[in-house]
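Enquirer: I'll drop the sequence and a predicted model, then ask my questions.
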Amino acid sequence: MVNPIFMRVMNTSGRQRRHVWVRTVYLAVILMTLTVMMLVEMTSYRGEAALAQLGESLFRTISFVQLVLILFLSPVYTAGAISQERDAQTFGVLLATPLSNLQIVLGSLLSRLFFVLAILVSTLPVFALLYYFGGFELTDVFLSYGIAASSALLTGAVAVAVSIVTTGTRRVMIGFFLFVTAYLVGVWVLDHMLLVAIVPGYVEGSLDWLHPIAAMQRTLIGGQVVRPLWSELGAWDFLVQYPEYGYVAYSTALSVVIIVLGAVLVRRLARGYGGLARRLGQALYAVAGAAVAVAACAVLIRYRGPAQGLAIFLLVALPVAAGLVFFRLKRHRKPKTVWDNPIAWRERVTRTATARRTLVQFLYILLSVLALYVLLVLKVGGGSARDARVFVLVVTTTQMFIILMVGATMAASSISYEREQGTLDMILATPITPRYFIHGKLFGIIRYLGMFLAMMLLVTLGAYLIARLPVEEYLGSLVPPGWARAVAVPSGATGYTPRDGAWSNWSLRSIVYPLVTTGGLAAAMATLGMTFSLRARKTATAAIYAALSVLGVAATVTCCCSITGLIWVVGPIAAMASPFLTNCACFMPESFMETFNFSDSVQLIGFYRYFGMHVGVLGAAAGYGVFAWLRVRGMVKTFDQQVRQKV
């Protein structure tokens, strides 16, 4: 018998237009990426012999783009599988049916995951077209789809498990987006930095089978390296040499374990067995904290010696533990002062000041500080300026994506969540006007994003100061000698090439310009998310639209700006509309100018540096601000009509 939950979701959600639009936007992003890559790469490949190289380059780019999109689309579809039923107060009715626990979990997961797999299969014609170019084999295509499908299954299983434990669709989505980003960055740092420093003789890339993007990269270069036969390898050596197969097996096995655990706990958590969900959350936090403490202690003991390392660890750990105990035992809080706009105060203080969001902010701050420390290690160790610029570019781009995604998804649930909880009618019964309500919601979200933007400013400002000041003379003692030797440039090298620039050439505009374009686009995405929240009946629907809008707008703006960037004079100005291209122009100016073919013109370089970039950044920020203002004005005008339609 077919699972009734699967059939219900397929018959109801499958007919909705949003799934068609999602597939359309997904394919549009893939095709736009393919078009831009062909326009850029075809100028470098001449003759029939280079056609295979072009096909390989296009296949690699499309595979990476598809994997990243799947990683962030899967939780959008699956995160609300259980929490959405709970928000609609139909979860109790579902538990009262004769369905087994496994049927409930599998039906909720597979019904949502079906749409993700349908999106994944829709790109088959694109790969079939690329196959005529050559440069890759059918095995590479199957492995690419296998990694993407297993990643979708794993992220979907984890999202459903989190949805079982946690209430609130918005909370699940925002938390899971940050979890995916933290997992990808954390595994890379563990593999390429921490274990290299702790374990003698450790080889970088041994944990690629835990990282989907690293496994995909090894798949794409698998035919270019000689690897031993399967029969000659043990279990661990097989995972190291063939991480693409190892990742598929690992993610599938872990997904099965998570699904089984979810099936065991789904009814027990619903019945509230002694606050089991709360105890599970506390146990996970305790395990994560203990793991971080043990790793930090091991690093300190290795590089500072047993006595000094343990002393430093205790000096840091004891105040942290005392603070946790203090806040745990604290029962009384000072009375809160409400702002002039109570809607903004409620959105910023009460709805965002939860334990989970506080933990998310703490982790975000910690990652920003660690990024500056890594940059300090590169500077003290005499590392390459290009490596430092690329690292800061990756960090700021990740921060930009987190800010856009968090702001859009929070805004997408700002009004629909009030409607689902029944508090919107109470608010509308007060003298609060639509303009007051909309402005309050928007200002509350912007105030919450202020901390994220401040940490981005801390990274850009700290990177500039580390690059331009002689920090190795004053802060060199903070870097272990082994880490400094690991990042040092080999003898005979200069530390940078003519394309990279030097540490002393770090641009002053890199402090503010990434922040300006990211802040402007975040405000525009927040107003767009609020528009979806005002029009949608459910929070999950609005969140899906908002997340897809962030992906679609970011990809569309970047692709269009990349194309217009090739236009003489206008290109440098138009390219600044994309925050990603702005980051590239600030941190990799030489490579940016060479990409857009005006690095050999003295006049264009001067125009770009002293006029074009400033006008482009300010114009982009002004354009995003005008878009946000028009969206707010439109929401205020149609607020009453939209609210009455959803009653």
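Expert: Sure thing, it's come through.
Enquirer: let me know the next secondary structure element after the helix or strand of the chain with the lowest mean pLDDT.
Expert: Ranked by mean pLDDT, DSSP states H and E, the helix or strand of the chain with the weakest confidence is helix 602-607, at a mean of 54. Per DSSP states H and E, the first helix or strand lying C-terminal to helix 602-607 is helix 613-646.
Enquirer: now that following helix, how far from the centre of its chain.
Expert: Centroid separation for helix 613-646 versus its chain: 25 Å, with C-alpha atoms, centre = their mean, to the nearest Å.
Enquirer: elements contacting the helix or strand encompassing Ile258?
Expert: Taking DSSP H and E as the definition, Ile258 sits inside helix 243-271. Here helix 243-271 touches helix 91-95, helix 101-121, helix 138-165, helix 212-220, helix 235-241, helix 276-304, going by 3 or more C-beta pairs under 8 Å, 6 or more residues apart in numbering; DSSP states H and E. All C-beta spots, glycine's among them, are computed from the backbone N, C-alpha and C.
Enquirer: can you list contacts of the helix or strand hosting Val20?
Expert: Secondary-structure assignment from DSSP H and E places Val20 in helix 17-41. Applying C-beta atoms under 8 Å, 6 or more residues apart in numbering, the external contacts of helix 17-41 come out as 13, 54, 57-58, 61-62, 65-66, 69, 73, 115, 118-119, 122-123, 126, 541, 544-545, 548, 551-552, 555-556, 559, 562-563, 566, 595.
Enquirer: let's see that with 6 Å instead.
Expert: With contact meaning C-beta atoms under 6 Å, 6 or more residues apart in numbering, helix 17-41 is reached by 54, 57-58, 61, 65, 115, 119, 122-123, 126, 548, 552, 555, 559, 562.
Enquirer: are any of those buried, and which?
Expert: Buried members of these, scored by 16 or more other C-beta atoms under 10 Å, are 54, 57-58, 61, 65, 115, 119, 123, 126, 548, 552, 555, 559, 562.
Enquirer: possible to save those residues as a markdown table with pLDDT, distance to Leu375 and secondary structure?
Expert: Formatted as a markdown table, the buried ones among the contacts of helix 17-41 follow (pLDDT from 0 to 100; distance: C-beta to C-beta, whole Å; DSSP: H, G, I helix; E, B strand; the rest coil):
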| residue | pLDDT | distance to Leu375 | secondary structure |
| --- | --- | --- | --- |
| Leu54 | 77 | 36 | helix |
| Ser57 | 80 | 30 | helix |
| Leu58 | 81 | 33 | helix |
| Thr61 | 82 | 28 | helix |
| Val65 | 83 | 28 | helix |
| Phe115 | 80 | 41 | helix |
| Ile119 | 83 | 38 | helix |
| Thr123 | 83 | 37 | coil |
| Val126 | 83 | 38 | helix |
| Leu548 | 79 | 34 | helix |
| Gly552 | 80 | 32 | helix |
| Ala555 | 79 | 28 | helix |
| Cys559 | 77 | 30 | helix |
| Ser562 | 69 | 27 | helix |
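Enquirer: now for those residues: which two are most distant?
Expert: The largest separation in the buried ones among the contacts of helix 17-41, counting by C-beta to C-beta, is between Leu54 and Phe115 at 32.6 Å.
Enquirer: excluding chain neighbours, what is closest to Cys561?
Expert: Ser578 (4.3 Å; C-beta to C-beta, 6 or more residues apart in numbering).
Enquirer: pretty sure that neighbour is touching Cys559, no?
Expert: No. The pair formed by Ser578 and Cys559 falls short of the contact definition of C-beta atoms under 6 Å, at 8.7 Å.
Enquirer: hang on, the earlier thing: distance to Ile312 added to the helices and strands packed on helix 243-271, as TSV?
Expert: Formatted as TSV, these follow (distance: least, C-beta to C-beta, whole Å):
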stretch	distance to Ile312
helix 91-95	49
helix 101-121	46
helix 138-165	35
helix 212-220	32
helix 235-241	33
helix 276-304	5
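Enquirer: to Ser591, which of the ones you listed lies closest?
Expert: Short answer: helix 212-220, nearest of the helices and strands packed on helix 243-271 by C-beta to C-beta, at 20.6 Å.
Enquirer: contact partners of that closest one?
Expert: By C-beta under 6 Å, 6+ apart, helix 212-220 touches 60, 67, 143, 147, 151, 208, 243-244, 247.
Enquirer: could you tell me the angle between it and helix 243-271?
Expert: 150 degrees (axes from the mean of the first three to the mean of the last three C-alpha atoms, to 10 degrees).
Enquirer: tell me how many other residues crowd Gly92.
Expert: 10 (other C-beta atoms under 10 Å).
Enquirer: so Pro200, which state does it fall into?
Expert: Here Pro200 is coil, with the state taken from DSSP: H, G, I helix; E, B strand; the rest coil.
Enquirer: neighbours of it, how many?
Expert: 7.
Enquirer: now Ala253
Expert: 12.
Enquirer: same check, this time on Val615
Expert: Using other C-beta under 10 Å: Val615 sits among 12 other residues.
Enquirer: roughly how far does it sit from Ala575?
Expert: 12 Å (C-beta to C-beta, to the nearest Å).
Enquirer: Met525 too?
Expert: Distance, Met525 to Ala575, using C-beta to C-beta: 20 Å.
Enquirer: between these two, which is the more surrounded one?
Expert: Ala575 (30 against 27).
Enquirer: and Ser205, helix, strand or coil?
Expert: Residue 205: Gly, not Ser. coil.
Enquirer: need phi/psi at it.
Expert: phi 90, psi 0 (degrees, to the nearest 10).
Enquirer: neighbours around it, how many?
Expert: 14.
Enquirer: can you check Ser108 too?
Expert: Quick note: Ser108 (other C-beta under 10 Å) scores 27 neighbours.
Enquirer: cool, Thr433 as well?
Expert: 11.
Enquirer: dump the residue contacts of it.
Expert: Contacts of Thr433 (C-beta under 6 Å, 6+ apart): none.
Enquirer: quick one: it and Ser533, what's the gap?
Expert: With C-beta to C-beta as the criterion, Thr433 and Ser533 are 18 Å apart.
Enquirer: and the contacts of helix 17-41, which two are the farthest apart?
Expert: Every pair of these checked by C-beta to C-beta; the farthest is Leu54 and Phe115, at 32.6 Å.
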